[in-house]
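Colleague: build me a structure from this.
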Amino acid sequence: MGDSAIGGGAVATTRSRKSHTPGANIAFAALPADPREVFSRIAVLSLPMVTRFRGITTREAMLVEGPAGWAEFSPFVEYAVPEASRWLAAALEHACTEPPPPQVDAVPVNGTIPACPPGSVAEVAARYSGVCTFKIKVAEHGLDSLAEDCARIEALRTAAPGAQVRLDANGRYTVAEARTALRTFSRFELDYIEQPVMDVEDLARVRADVDRAGLGIRIAADESIRKASDPLRVAALGAADVIIVKVQPLGGVRAALNVIGASGLPAVVSSALDTSVGLSAGVALAASLPASARPGEGIPACGLGTSALFRSDVADPPLRAAGGVLPVGRVTPAEERLSALAAAPDRVRWWTDRLQRCWDHLRTSPH
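Modeller: So this is what the prediction gives:
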């Protein structure tokens, strides 16, 4: 990235060489060749986690500061440039524009229980102050995990009596396995299960099976909602009762709102294991949900409490639920956190190169 790129330190402090404040609809082709023309500061961070989640114990993230404030670019390391570039589009939007006007001052959140031993559930749940809804990760090893999954649900029922429970299978079941698992899970009172199977057609089959069997479990689409065309297909096939939307994978708050509108389905805003900076963009989306996406009273509990999964976050204090809600507003990382969580030089170089490749993709690819 040139002469004064991030290089040997995890925090780069470079001043924009010109004012560049794109509007809500950013013209990617008009962006300068160097992202430092837009981002005045860039930081690459490594956040230790309290427990293994999504197969990792350390979360890497890049934070960028633009004309409107700080934003997050943190696609998971295995994502290729085309997919990761949507996450960069979200960072550009949040760093360079103000989000839509919020309709509320705070949004409710759910707690997230990873695929941890049942004996650890109470400790993890206790990290979510005032939260009345929890999402439990299941199916880590397909049906082989079923007994432990049920034990984890029972442990949460003991630790948080009366809490609403959601499950998330991350598409790990086959259709046949999903039928077996959902019949087993039906003895618990559940809000919904996210993505029991990966393929959208299979998701529609599972939802039809649930309806025929009268299991009373709603099906939510998460991994099936990754780009603008997805919600139309999910809705057309009747594959889900609820869609899970995340700001970074969908390319920003406004892109996510377009996805929600296209689906015509209730929506729950969730996190892509974001830092407090990224979570603030999710809160902005949740606070601007249209009434059509939130039937019933108020905004549904959002999966934005994941800062509790970090031993140390970028903000001081971190963006964590108090009384079960998160406040609406931007988050600015603490300088001492930027230093303390600085990634190793080789990881800084890796993320710097990734930023440039995704930036070039946004500038040169049709959208």
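
Colleague: distance from the chain centre to stretch 192-205, please.
Modeller: 19 Å (CA atoms, centre = their mean, to the nearest Å).

Colleague: ugh, wrong one, stretch 306-326
Modeller: How far stretch 306-326 lies from its chain's middle: 14 Å, per CA atoms, centre = their mean.

Colleague: show the average pLDDT along that stretch.
Modeller: The pLDDT scores in stretch 306-326 average 93.

Colleague: CA atoms only: put it into CSV for me.
Modeller: Output of stretch 306-326 as CSV, limited to C-alpha atoms (Å, rounded to 0.1, in the frame of the first residue of the first chain):
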residue,chain,number,x,y,z
THR,A,306,-21.3,-10.9,21.1
SER,A,307,-18.9,-8.5,22.7
ALA,A,308,-19.4,-10.6,25.8
LEU,A,309,-17.5,-13.4,24.0
PHE,A,310,-14.3,-11.3,23.9
ARG,A,311,-11.9,-11.1,26.9
SER,A,312,-11.0,-7.6,25.8
ASP,A,313,-12.8,-5.4,23.2
VAL,A,314,-11.7,-2.3,21.3
ALA,A,315,-13.9,0.1,23.3
ASP,A,316,-13.6,1.0,27.0
PRO,A,317,-16.2,0.2,28.2
PRO,A,318,-17.1,-2.2,25.4
LEU,A,319,-20.5,-2.2,23.8
ARG,A,320,-22.3,-4.7,26.0
ALA,A,321,-25.9,-5.0,27.1
ALA,A,322,-27.1,-3.3,30.2
GLY,A,323,-30.6,-4.2,31.3
GLY,A,324,-30.8,-6.4,28.2
VAL,A,325,-30.4,-3.5,25.7
LEU,A,326,-27.7,-1.7,23.7
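
Colleague: shaky segments in this structure?
Modeller: Residues of the chain that meet the criterion pLDDT under 70 lie in 1-25, 227-229, 367.

Colleague: top strand in it by residue count?
Modeller: Using DSSP state E, we find that the single longest strand of the chain is strand 41-53.

Colleague: on contacts alone, who are the packing partners of that strand?
Modeller: strand 11-13, strand 56-66, helix 345-364 (3 or more CB pairs under 8 Å, 6 or more residues apart in numbering; DSSP states H and E). Where you see a C-beta, it was placed from the backbone N, CA and C, and this is true even at glycine.

Colleague: and if we set it to 6 Å?
Modeller: Helices and strands touching strand 41-53, by 3 or more CB pairs under 6 Å, 6 or more residues apart in numbering; DSSP states H and E, are strand 11-13, strand 56-66.

Colleague: save those as JSON lines, and put in distance to E98 too.
Modeller: Formatted as JSON lines, those follow (distance: least, CB to CB, whole Å):
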{"stretch": "strand 11-13", "distance to E98": "24"}
{"stretch": "strand 56-66", "distance to E98": "11"}
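
Colleague: could you identify which of those is most buried?
Modeller: strand 56-66 (a mean of 20; mean count of other CB atoms under 10 Å).

Colleague: ok, residues contacting that strand?
Modeller: Contacts with strand 56-66, where a contact means CB atoms under 6 Å, 6 or more residues apart in numbering, come from 38-49, 70-74, 91, 95-96, 273, 275, 277, 333, 351.

Colleague: of those residues, just the buried ones, ChimeraX syntax please.
Modeller: ChimeraX command restricting the contacts of strand 56-66 to the buried ones, with burial defined by 16 or more other CB atoms under 10 Å:
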select :38,39,40,41,42,43,44,45,47,49,70,71,72,73,74,91,95,96,273,275,277,333,351
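
Colleague: host element of E123?
Modeller: Assigned by DSSP states H and E, E123 belongs to helix 121-125.

Colleague: next one: A33
Modeller: Take DSSP H and E as the rule and A33 turns out to sit in neither a helix nor a strand.

Colleague: look up how far S85 lies from it.
Modeller: 15 Å (CB to CB, to the nearest Å).

Colleague: the two: which is more packed in?
Modeller: Taking other CB atoms under 10 Å, A33 and S85 do not tie; S85 has more neighbours (25 against 11).

Colleague: the more buried one contacts R357, doesn't it?
Modeller: No. Contact status for S85 versus R357: not in contact, 8.5 Å apart, counting by CB atoms under 6 Å.

Colleague: hang on, the earlier thing: can I get the CA coordinates of the helix holding E123 in PDB?
Modeller: C-alpha atoms of helix 121-125 as PDB (Å, rounded to 0.1, in the frame of the first residue of the first chain):
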ATOM      1  CA  VAL A 121     -23.400 -22.600  30.000                       C
ATOM      2  CA  ALA A 122     -24.300 -20.800  33.200                       C
ATOM      3  CA  GLU A 123     -20.900 -18.900  33.300                       C
ATOM      4  CA  VAL A 124     -21.400 -17.800  29.600                       C
ATOM      5  CA  ALA A 125     -25.000 -16.800  30.200                       C
END
